[in-house]
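Undergrad: what would the 3D arrangement of this be:
(chains A, B and C)
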Amino acid sequence: MARIALTDEEITRLQGELNVIADSINEVQKVAGDDVKPTANPVPLEAYLRPDVAETPLTQAEALAGGPKTEAGMFVAPRIQE
Amino acid sequence: MADKLMKFSEAVKKYDPVIGLETHVELSTNTKLFCPAHVEFGGEPNTQLTPVSLGLPGSLPVINKTAVDYAIKLGLALHCEIAEWSQFARKNYFYPDMPRDYQISQYDKPTNGNGYLDVELDDGSIFRVPIERAHIEDDAGKNTHIGGADGRIEGADHSLVDYNRAGVPLIEIVTKPIEGVGDRAAEIAGAYMRTLRDIVRALNISHARMEQGNMRADVNVSLRPSPSDPYGTRSETKNVNSFRGIEKTITYEIRRQAARLDEGKEILQETRHWDESTQTTAGGRVKTDADDYRYFPDPDLVMLHITKEHIEEMKAQMPEMPRERRNRLKAEWGLTDLQMRDIINADALDLIEETVKAGAKAAGARKWWLGEISRAANAKEVSLEELPITPADVAEVEKLIAAGKLNDKLAKQTVAGVLAGEGTPAEVVKKHGYQVVEDTGAIEKAVDDALAANPDVAEKLKSGNMKPMGVIIGAVMKATRGQADAKAVTKIVMSKVKS
Amino acid sequence: MTDATELVKLSAAEMAAKIRNKEVSSRELTEAHLDVIEKAEPSIDAFLKVSAETALAEADAFDKKNAAGETEGLPELAGVPIAIKDMIVTKGIETTAASKILEGWVPPYDATVISKIKAAGMPILGKTNLDEFAQGSSTEHSAYKTTKNPWNTEHVPGGSGGGSASAVGAFEAPIALGTDTGGSIRQPGAFTGTVGVKPTYGGVSRFGAIAMASSLDQIGPVSRTVLDAALLHEVIGGHDKRDSTSIPREVPPVVAAAREGLKMDLKGVKVGLIKELGGEGFQPDVEARFNESVKLLEDMGAEVVEISCPHFPAALGAYYIIMPSEVSSNLARYDGMRYGLRVMPPAGVPQTAANMMAYTREAGFGDEVKRRIILGTYALSAGYYDAWYGSAQKVRTLIIEDFAKAFEQVDVLVSPTAPTTAFKFGEKTADPITMYLGDVATIPANMGGVPAMSIPAGLSEEGLPVGFQFFAPQMQDEKMYKPAAALEAALEGKWGGPVWNSLKTPWLDEA
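TA: Numbering: from 1, shown residues only, chains lettered A, B, ... in the order given. This next block holds a predicted model:
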């Protein structure tokens, strides 16, 4: 799901580390009672709504400049299906 | 391998179908949902981007007010509960056309929840479709597949990605499971989609053109032995982009699933695709843990607060809804229920109304759109709107008729010319030299010739038997290459035989 | 000591005054720093990229304006050069976040803070080193180089903003920008004897700050004095319509508060010692320097009380759920499609887009980043969400409440910035958990969205700097600037000058 081709050695090491972290996470679950509301954003704000007015876009050259592989004004993806 | 299918009538006798529709409507805002890039269909690739819609590092989303306005309007039209506080969430999955590899959508706190849409069926009855939610989200870019057959993803060597569409606002309207549809499952789905399309157009929040992908639906179908049983496993047919496709998908899935159930096979929970060329649905990616989208509140966006004042402001802007409008137009145009339904079924209401607005009489407008033009659309298998004729063109033809400059036959030829792409009616008329012959001398000569050539007919007419008048008119028309006005010819004949 | 050496040892405020008086030009100041950079870099390695040419062009442009008398309305720091953490996007200057996956990426746009810096006529000296994607506490996780602590080059400068902290500490730049997600400005500040400020969440625009954990990230100033930090804070702060989490308010009056603090009168100021941040796990000399500073605050008239923040012990665990969860999503975009590295799968592996992404990310991300992405991916997955992410968001609520209750009783809270002084290279890389524990005192401010800052409180027995941390209520950043400036003045009085008088700077002496 994370889309990383890990080596076996990396997987073994990560598993060990994840277990240690899981312990400190138990502490979190202890204090997080049902009566506590979750907070997604630390400062309570309501969304600013932007006026629907266009601004100058990136040029095609600017947009493509960082692309590892481009063709005909577009980004190239290797074949999508197996 | 071809699916085994049960006869439809048998399938709906044996099983109770339950359908669900998830419809994506692309909003016609000026800029994208989360950034001020202008949106336009068919621009040069990758020219409608800001750092935000290209997913550049450091870029942040900011909500477009117009998209929220549109969502509120649709929520009102669908009788939804509009949440005072709604939230955007990230739907995480990797795909080359996703600039951030997550979609910004709404999850457990959508803007619109719990509504309904009443749709009118062919027999005039009303069916209420329950709406689960109508939430706001952004679209992905577009892949062009290279190296395979017909630009398909299967067998392609690589794909080219244009992110122009990435970030375009969508509203996804999700129905609750629609129960009690029986053998009218496809009809109800079609009526629902058309009604939704009409509402969206009336609200002026989307171009709602299925063929351009402004509106597309995921079609869910499941079967159960009887209405008292729990829902069966459903199939989800993705991105069906025509009304007929949706109707056919439902019929096909009911037949396919019934045949499987009859054989004791289970229905897989899978995504399928409607294949227009084979008229079948093709399976299927079975749902796996890759479908765990790891939704969580987007920390780059704070809660969306919709105030009562905001809702009132939108309410005041609500246009007449399609059903009210139909009733009004039916009365104004003096039509019967049946005539009105023909117009609706032909998707010609807007076009006829515009034609009338452009100066034509309702009867004339209706005659053209449901007659010649509908036939042309059917022959080409396209929608009326895709034909190269506009309401203004039709109104112009009607005006020419009223002014006596075209007769029926020439008018039809003119319309045919416009449909053939020869230009406006005026241009077609000019090009072909269509003209009602007003030179009475020429007509009189033609009438004299015709009467002389058909003495028996002349006798009958003289004795007051008008039946064979057509023979004379036909001959005159032939002589004048159709450019004489039949009424004028009749008048001249009458004056001649009576003298 | 040469004139140039004296020049770079001034505070940014003093440099700015000299510019205004036309005693020195922005170009001279910029050249002096570029000169130090050239000499210091072989031993310090604070910079990933030095943008000498554009810096000088910016300096010349400012000097021209200054000569024409067109500087009215510009911030006080106008013309003073600055270094930028390479986590912040700069148009036309390569920006990598110290990751191989972004190597060679030249952004087509400026972060909002960079636009403000440019508008202020402040030349950008270059981009400073950091732990890859700001993930780490030692700058050892940079994919490019290891930055050294100017106080002892065998020790780390802290992290993730070790580059900015060392650059300012070593006089390569008078001020710098950092980003702080769990302490990445303040902990390096403590380790290098510099001042580091994390403003209120939303106080400074994040537009153009490469995201690590969006609900925790905040850009802030790095400097050698409290007043300099305040001056920079005012340049970069304020509402930005391009950041939905930006607070729609004016910058708090931090400069006025810092100047007020320099009067060293803290009568009427109530200071709370956080009971939970001290004792076990805290180095004795760190606690000793901390207590001496508290005494100085009392001497200046502050009332000091102990305050309990009972949920702080759960903050670390909650942070290590929320942070990697957001990291896993924020770093998904580095997939080899639009910018940065692309690695195709080896022969024998299907050459698909999915495999390309997997091999690109395997090759492009370092260990620590991968560790956090994997952890975050688990934490957000269907079976774990409620128990992990959901619980962590509840702890955030509890921490916000702890702060709110505390600030009903006191004006500011204080603690040591970090439990230890700078550790040696390699000492903690093998054990990520002890590295994580070092963030125990800085994380609560990020979780609670409150402003916090670290100022130097003296040296350990080993001669390494110790940091003293202030916290203030949300959107009242000025409240910490006053006692911080007062304490800084009191400490300098006690030591007979700033802490860096004790710093050996062989790279300057060579000049």
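
Undergrad: strands of the stretch 151-300 of chain C, start to end?
TA: Per DSSP state E, counting those that start in this stretch, the stretch 151-300 of chain C carries strands over the ranges C:176-179, C:195-198, C:219-223, C:270-274.

Undergrad: could you single out the most deeply buried of these?
TA: Using mean count of other Cβ atoms under 10 Å in any protein chain shown, the stretch among these with the greatest mean number of neighbours is strand C:195-198 (a mean of 33). The way it works is simple: take the backbone N, C-alpha and C, and place the C-beta from them, glycine included.

Undergrad: dump that strand to PDB, keeping only the CA atoms.
TA: Presented in PDB, the C-alpha positions along strand C:195-198 are these (Å, rounded to 0.1, in the frame of the first residue of the first chain):
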ATOM      1  CA  VAL C 195      17.400  31.000  19.200                       C
ATOM      2  CA  GLY C 196      14.700  29.000  17.500                       C
ATOM      3  CA  VAL C 197      11.000  29.900  17.300                       C
ATOM      4  CA  LYS C 198       8.000  27.800  16.400                       C
END
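
Undergrad: which elements pack onto that strand?
TA: Counting contacts by 3 or more Cβ pairs under 8 Å, 6 or more residues apart in numbering or on different chains; DSSP states H and E, strand C:195-198 packs against helix C:186-192, strand C:219-223, helix C:226-236, strand C:452-459.

Undergrad: just name the most buried of the ones you listed.
TA: Mean neighbour counts were compared across these using mean count of other Cβ under 10 Å; the top stretch is helix C:186-192, at a mean of 35.

Undergrad: distance from that helix to the middle of the chain?
TA: Counting by Cα atoms, centre = their mean, to the nearest Å, helix C:186-192 is centred 8 Å from the centre of its parent chain.

Undergrad: output the contacting helices and strands for it.
TA: Under the contact rule (3+ Cβ pairs under 8 Å, 6+ apart), helix C:186-192 is packed against helix C:162-169, strand C:195-198, strand C:452-459, strand C:465-471.

Undergrad: let's have these in a markdown table, adding mean pLDDT.
TA: Below are the helices and strands packed on helix C:186-192 laid out as a markdown table (pLDDT from 0 to 100):
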| stretch | mean pLDDT |
| --- | --- |
| helix C:162-169 | 98 |
| strand C:195-198 | 98 |
| strand C:452-459 | 98 |
| strand C:465-471 | 98 |
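
Undergrad: just tell me which of these ends up closest to residue C:420.
TA: strand C:465-471 (9.2 Å; Cβ to Cβ).

Undergrad: by contact count, what packs against the closest one?
TA: Using 3+ Cβ pairs under 8 Å, 6+ apart as the test, strand C:465-471 ends up in contact with helix C:186-192, helix C:284-299, strand C:412-416, strand C:452-459, helix C:478-495.

Undergrad: so, in contact with chain B or not, the longest helix anywhere in chain A?
TA: Ranked by residue count under DSSP state H, the longest helix found in chain A is helix A:8-31. No. Applying Cβ under 8 Å from any Cβ of the partner chain, one finds helix A:8-31 separated from chain B by no less than 15.8 Å.

Undergrad: show me the contact partners of that helix.
TA: The contact list for helix A:8-31, computed with Cβ atoms under 8 Å, 6 or more residues apart in numbering or on different chains, reads A:6, C:311, C:313-314, C:316-318, C:320-321, C:367, C:370-371, C:374-375, C:378, C:387-388, C:391-392, C:394-395, C:398, C:432-433.

Undergrad: make sure residue B:199 is actually in contact with residue B:74.
TA: Yes. Counting by Cβ atoms under 8 Å, residue B:199 touches residue B:74, with 7.5 Å between them.

Undergrad: alpha carbons only: can I get the lowest-mean-pLDDT helix or strand in chain C in CSV?
TA: The helix or strand of chain C with the lowest confidence, counting by mean pLDDT, DSSP states H and E, is helix C:432-437 at a mean of 76. The C-alpha trace of helix C:432-437 is given here as CSV (Å, rounded to 0.1, in the frame of the first residue of the first chain):
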residue,chain,number,x,y,z
PRO,C,432,15.4,5.3,16.6
ILE,C,433,13.4,5.1,19.8
THR,C,434,15.9,6.9,22.0
MET,C,435,16.2,9.4,19.2
TYR,C,436,12.5,9.9,19.3
LEU,C,437,12.6,10.3,23.1
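
Undergrad: who's in contact with that helix?
TA: Judged by Cβ under 8 Å, 6+ apart, the contacts made with helix C:432-437 from elsewhere in the structure are A:17, A:20-21, C:136-138, C:281, C:316, C:320, C:368, C:371, C:419, C:428-429.

Undergrad: sorry, back to before: of all the helices and strands packed on strand C:195-198, which lies closest to residue A:71?
TA: Nearest to residue A:71, of all those, is strand C:219-223, at 37.1 Å by Cβ to Cβ.

Undergrad: in its sheet, which strands sit next to that closest one, and in what direction?
TA: For strand C:219-223, the pairing partners within the sheet under DSSP bridges are strand C:176-179 (antiparallel), strand C:195-198 (antiparallel).

Undergrad: quick one: average confidence on the first one?
TA: The average pLDDT within strand C:176-179 is 98.

Undergrad: the top strand by length along chain A packs against which elements?
TA: In terms of residue count, the longest strand belonging to chain A (DSSP state E) is strand A:74-78. When contacts are defined as 3+ Cβ pairs under 8 Å, 6+ apart, strand A:74-78 packs onto strand B:158-162, helix C:353-364.

Undergrad: I'd like to know which elements the shortest one is packed against.
TA: When contacts are defined as 3+ Cβ pairs under 8 Å, 6+ apart, strand B:158-162 packs onto strand A:74-78, strand B:142-146.

Undergrad: so how far is that strand off the chain centroid?
TA: Relative to the centre of its chain, strand B:158-162 is centred 29 Å away, using Cα atoms, centre = their mean.

Undergrad: strand partners (parallel or antiparallel) of it?
TA: strand A:74-78 (antiparallel), strand B:142-146 (antiparallel).

Undergrad: can I get those in CSV including mean neighbour count?
TA: CSV is the format used below for the strands paired with strand B:158-162 (neighbours: other Cβ atoms under 10 Å in any protein chain shown):
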stretch, mean neighbour count
strand A:74-78, 24
strand B:142-146, 18
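
Undergrad: of all the ones you listed, which one is nearest residue C:299?
TA: With Cβ to Cβ as the criterion, residue C:299 lies closest to strand A:74-78 of the strands paired with strand B:158-162, at 63.3 Å.

Undergrad: so what sits opposite the nearest residue to residue B:45 once chain neighbours are set aside in the bridge?
TA: Using Cβ to Cβ, 6 or more residues apart in numbering or on different chains and skipping residues adjacent in sequence, the residue nearest residue B:45 is residue B:162, 3.7 Å away. According to DSSP bridges, the partner residues bridging residue B:162 are residue B:142.

Undergrad: shouldn't residue C:481 be in contact with residue C:254?
TA: Yes. Using Cβ under 8 Å, residue C:481 makes contact with residue C:254 at a distance of 4.8 Å.

Undergrad: before we move on, the earlier item: quick check: the residue nearest to residue B:45 vs residue C:330, distance?
TA: Counting by Cβ to Cβ, to the nearest Å, the separation of residue B:162 from residue C:330 is 24 Å.

Undergrad: those two - which one has more neighbours?
TA: residue C:330 (25 against 22; other Cβ atoms under 10 Å in any protein chain shown).

Undergrad: avg pLDDT for the helix or strand in which the more buried one is found?
TA: Under DSSP states H and E, the secondary-structure element containing residue C:330 is helix C:315-330. In this model, helix C:315-330 carries a mean pLDDT of 94.

Undergrad: who are the packing partners of that helix?
TA: Packing contacts for helix C:315-330, counted by 3+ Cβ pairs under 8 Å, 6+ apart, involve helix A:8-31, strand B:89-92, helix C:367-380, helix C:391-409, helix C:432-437, helix C:443-448.

Undergrad: show me the one of the helices and strands packed on strand C:195-198 that comes nearest residue B:105.
TA: Comparing the helices and strands packed on strand C:195-198 against residue B:105 with Cβ to Cβ, the closest turns out to be strand C:219-223 (28.1 Å).

Undergrad: sounds good, over and out.
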